[in-house]
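Engineer: Below are the sequence and a predicted model; questions follow.
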Amino acid sequence: MKKSQSIMSKYSDKSMKKKGSSKVTAEDLPPMADYEQRYKGMSKELTQEPPKQTLNDKIKKRESLKKPVNEEGGASKKVSVEINGNLYLLGCTEDISEARIRKIAALTNEILNTTKENNPGLTNSKINALALIDACDRILTLKDENSNMRTELMYLQQKVMLEEEKEKSEPTPMELLANE
């Protein structure tokens, strides 16, 4: 292959037809690149087959997935919620209570139902995408409101602080008489 030849021409159907093959298969194509995974200074080729797992290893792995463990070593509590007609089993920890998970699921369901009502005839994946866009819009709006409120709070705090300094610096009429 010439150095000036592009990689797209190497893989195009036109270049394969020149070689005389009518049907292009994956075996006919040269490898595009040699990929490596790098993690903490160690490299491993992804093309290598993983080591064979025994049946006992697979069973242990499956059992460990069934029983999620929190940081203290105890099993985390599961909460069953329905979102858009589908049941989901979500785990709750000390940081996130069962009530909060139910509120989050209810809000998610509300956003999805509103999106579905406003856009009849769309597929579930498009409804989910529009609902996510709506949720992100709500988040950004709330972040902007929060930022504006913080700015206003800082302004008011500085105003109060300046007024307190002004009151402290100006002597009252009684203090003026006492100083004379």
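Structural biologist: Yep, it's here. Computed from a predicted model, the values in this text were never measured in an experiment. Numbers count the residues shown, from 1 in each chain.
Engineer: Which residue ranges of the protein form helices?
Structural biologist: For the chain, the helices defined by DSSP state H cover 7-11, 13-18, 55-66, 98-118, 124-169, 173-179.
Engineer: Ranking these by mean neighbour count, which comes first?
Structural biologist: Highest mean neighbour count of the helices of the chain: helix 98-118, a mean of 15 (counted as mean count of other Cβ atoms under 10 Å). Every C-beta, even on glycine, is put in place using the N, C-alpha and C of the backbone.
Engineer: Next, the angle from that helix to helix 124-169.
Structural biologist: 120 degrees (axes from the mean of the first three to the mean of the last three Cα atoms, to 10 degrees).
Engineer: So which elements touch helix 98-118?
Structural biologist: Packing partners of helix 98-118 (3 or more Cβ pairs under 8 Å, 6 or more residues apart in numbering; DSSP states H and E): strand 77-83, strand 86-92, helix 124-169.
Engineer: Now render these as CSV, adding distance to residue 102 and mean pLDDT.
Structural biologist: As requested, the helices and strands packed on helix 98-118 are arranged in CSV below (distance: least, Cβ to Cβ, whole Å; pLDDT from 0 to 100):
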stretch, distance to residue 102, mean pLDDT
strand 77-83, 6, 88
strand 86-92, 9, 87
helix 124-169, 17, 91
